[in-house]
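[1] predicted model and sequence follow; I will ask about them next.
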Amino acid sequence: MKEQLSLHEIQKEELNILSKTIAFLNKNNINYYIWAGSLLGAVRHKGFIPWDDDIDIAMERSEYNKFIKLINNGKKIDKNFDVIGFELGNDIWPFVKVINKDVIIEESAGVDNNLWLDIFPLDGSPINNIYYSKLKIIQKLFFIKRNDDMNLSEVSSSKIKLFLKKFIRILIRPIPIKKIVGSYIKECSKYNCYDVGYFANNVWGIFEKERYNASSLKQNKKYKFESIEVNSLADSDGWLTLRYGDYMSLPPEEKRQTHEFKAWKVK
């Protein structure tokens, strides 16, 4: 038997994943940051952006590796949760997801089966256009390979791009996706953020456009997120302005994006 959840109920389930994940991280002395739209929600709304349906957190690569090691050694966040990702050998994502096995979803993109929380590693972001050009190429190969069964016309903005994607798909068909993801993670984590002075979410961000001072990672602050307290950058204003511009102003309704999924609680 399954019961479809409202957006409010989805957010409540997401908050449960976040709360238990934070408790696990705190217990194991792993520093994290509430991130991206979730940080925006914490600052602007003291919780979820009203129309949002997911939660993001991030960690410095060294903390992320500690987390991966714990999960690989059999540590559990919760008996009803799984953690999936390339480094755990159970998925192809270049980051990890904490999923609640008791909440199943059906989404338009067709890439997730359970309600999730994303955990992203933060890596060094050098001022090096050649490096980021290489990263973008590997990322495009990953997306094309990951969407091997997808109709490319649905994700191509022009006939030329559609032709190129189809041509590239043929060229990379013999290459295992694990090899592409492994190369991608290796490149993303190539630089230490303190050595180069800047960091970014290389695996899933907007690359150099999100480059920010590494020193800010050392200055943390607690924020209210719904009924719990979360950690993030003390300089949230600087990072949110870089990412979103005038972040305190609400976007027009047509730009209030969600993941467009339905969710059910399994009983």
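    Cool, the structure landed. Numbering: from 1, shown residues only.
[2] spatially central residue for this structure, please.
    Nearest to the geometric centre of the chain sits D118, at 4.4 Å (Cα atoms, centre = their mean).
[3] so that residue sits in a strand?
    Yes. D118 forms part of a strand when assessed by DSSP: H, G, I helix; E, B strand; the rest coil.
[4] show me what contacts E208?
    By Cβ atoms under 8 Å, 6 or more residues apart in numbering, E208 lies in contact with S125, I127, N129, Y132, A200. Quick note: C-beta positions are derived from backbone N, CA and C, even for glycine.
[5] out of these, which one sits closest to I49?
    Closest approach to I49 among the contacts of E208 (Cβ to Cβ): A200, at 22.0 Å.
[6] pretty sure the closest one is touching N213, no?
    No. Counting by Cβ atoms under 8 Å, no contact exists between A200 and N213, whose distance comes to 11.0 Å.
[7] more neighbours, those two?
    A200 (23 against 15; other Cβ atoms under 10 Å).
[8] E106 versus the more buried one, what's the distance?
    Distance of A200 to E106, given as Cβ to Cβ, to the nearest Å: 32 Å.
[9] in the stretch 101-250 of the chain, what spans have low per-residue confidence?
    108-111, 148-157 (pLDDT under 70).
[10] would you state the helices of it in chain order?
    Listed in chain order, the helices of the stretch 101-250 of the chain (DSSP state H, counting those that start in this stretch) span 129-146, 159-172, 177-188, 193-196, 236-244.
[11] between those helices, which one is closest to S227.
    helix 236-244 (19.8 Å).
[12] and that closest one, how far from the chain's centre?
    17 Å (Cα atoms, centre = their mean, to the nearest Å).
[13] direction included, what does the helix or strand just after that helix pair up with?
    Helices and strands here follow DSSP states H and E; after helix 236-244, the next one along the chain is strand 261-266. If you go by DSSP bridges, strand 261-266 pairs up with strand 2-4 (antiparallel), strand 96-107 (antiparallel).
[14] can you pull the buried residues of the last one?
    By 16 or more other Cβ atoms under 10 Å, the buried positions in strand 96-107 come out as V96, K97, V98, I99, N100, D102, V103, I104, I105.
[15] stretch 256-267 too?
    By 16+ other Cβ under 10 Å, the buried positions in stretch 256-267 come out as F261, A263, W264, K265.
[16] likewise stretch 63-83?
    Within stretch 63-83, the residues scored as buried using 16+ other Cβ under 10 Å are E63, Y64, K66, F67, I68, L70, I71, I77, D78, F81, D82, V83.
[17] in helices only, show me those residues.
    E63, Y64, K66, F67, I68, L70, I71 (DSSP state H).
[18] and those, which is closest to E187?
    Once Cβ to Cβ is applied, the member of those that ends up nearest E187 is Y64, at 15.8 Å.
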